[in-house]
Structure formats: C-alpha cells, structure tokens
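Enquirer: got a predicted structure here, sequence first:
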Amino acid sequence: MNPLPTVPPVVSLREVRADDLPALFEHQCDPEGVRMAAFPSRDREAFMAHWGKIMANPGCAIRAILCDGRIAGHIAAWSDGADRYLGYWIGREFWGRGVASAGLAQFLHYETTRPLMAHVVKHNGASIRVLQKNGFILADTSPVDPPEGAGEELTFKLLA
C-alpha cells in the first residue's frame, strides 16, 4: 500500500497584530527554541514592552509567518548602524515543515536591502540550512557565550 503524499503547508506573511503577541510570546518561552536560538526568553512584561517598541519603529520590517492560517512565528529586518539584519523565530510545532524557508523566501521579496546579515549559532543546523536555501553565504564566525555555554556564532550575508 502506498502512503498518502504529504501536502506542503500553505505559508504566508502579513503584518504583525497585537493579537498575535500571545502566540509569539509562547514561542519564545519554549526551552528548546531558546537553546537553538541561543537567545534568552523574556518575561511577559519585557516581551510586550520590546514588541511595543519594534512595532512602533518604522525602520523595522516585521511580518507574522502563517502556516495554514495559524501563527507559526515571525520574521523581521532592522538596521544597526550601517548594517541591516534579519531574524526570525518559528514555533516548535512548525519545525521541519519548510515553514521558515518559505517565510524567508517571501520576506526577501518585501525586504530588498542588500547586503542583509543574519546571525545563527553553529549548533542550529536547521536555521543554517534555511539561510543557505535562500542564498545567504557564510561571512564570519566568532565565539559566543549562549545561555547553555560557550559556542560559535556564524554570520551569514545575502549579497544580491
């Protein structure tokens, strides 16, 4: 008997809304997500204050990533000095389904600034693959002290 073919998820982007924040808060509280991102979670008050600032910043491009109509995560680009950076966070229940890759591919049509930089810790192979699938190349490495101990941070760059 042949197994049924898997249907890829429908991934789309839209503006982040205030009613998305509870789901995004829960995503960043996941201990495995924190470990993979090597970025500490915020408590609810700090999270809401941070999101209030970034949602009000016209220089920050932020989109909710939807998977089959559900909030799967977010993606953003912001400037830090002369450099433009990219970051994203996907809820664990959406990992391994191509959601991050598809979301990033769509976001790159909206965010056209180049070069575009992204940081990822070396142990986050899935995120490295997402960046590489979307044309980012390794530009630099540096030591980092993530929450669980010393590691290496990789800087990827999208040139065109």
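Expert: Yep, that arrived. Numbering: from 1, shown residues only.
Enquirer: hey, let's count contacts and neighbours off CA atoms from now on
Expert: OK.
Enquirer: in which helix or strand does residue 128 reside?
Expert: helix 125-133 (DSSP states H and E).
Enquirer: skip the chain neighbours and tell me the closest residue to the most centrally placed residue in the chain.
Expert: The residue lying closest to the centre of the chain (CA atoms, centre = their mean) is residue 88, at 1.1 Å. Spatially, and ignoring its direct neighbours in sequence, residue 88 is nearest to residue 75 (4.1 Å; CA to CA, 6 or more residues apart in numbering).
Enquirer: could you pull out the strands for the protein?
Expert: 11-15, 61-67, 70-80, 83-90, 116-121, 137-144, 151-158 (DSSP state E).
Enquirer: can you list those in CSV and add mean pLDDT and distance to residue 52?
Expert: Below are the strands of the chain laid out as CSV (pLDDT from 0 to 100; distance: least, CA to CA, whole Å):
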stretch, mean pLDDT, distance to residue 52
strand 11-15, 97, 14
strand 61-67, 98, 12
strand 70-80, 97, 14
strand 83-90, 97, 17
strand 116-121, 97, 23
strand 137-144, 91, 28
strand 151-158, 94, 27
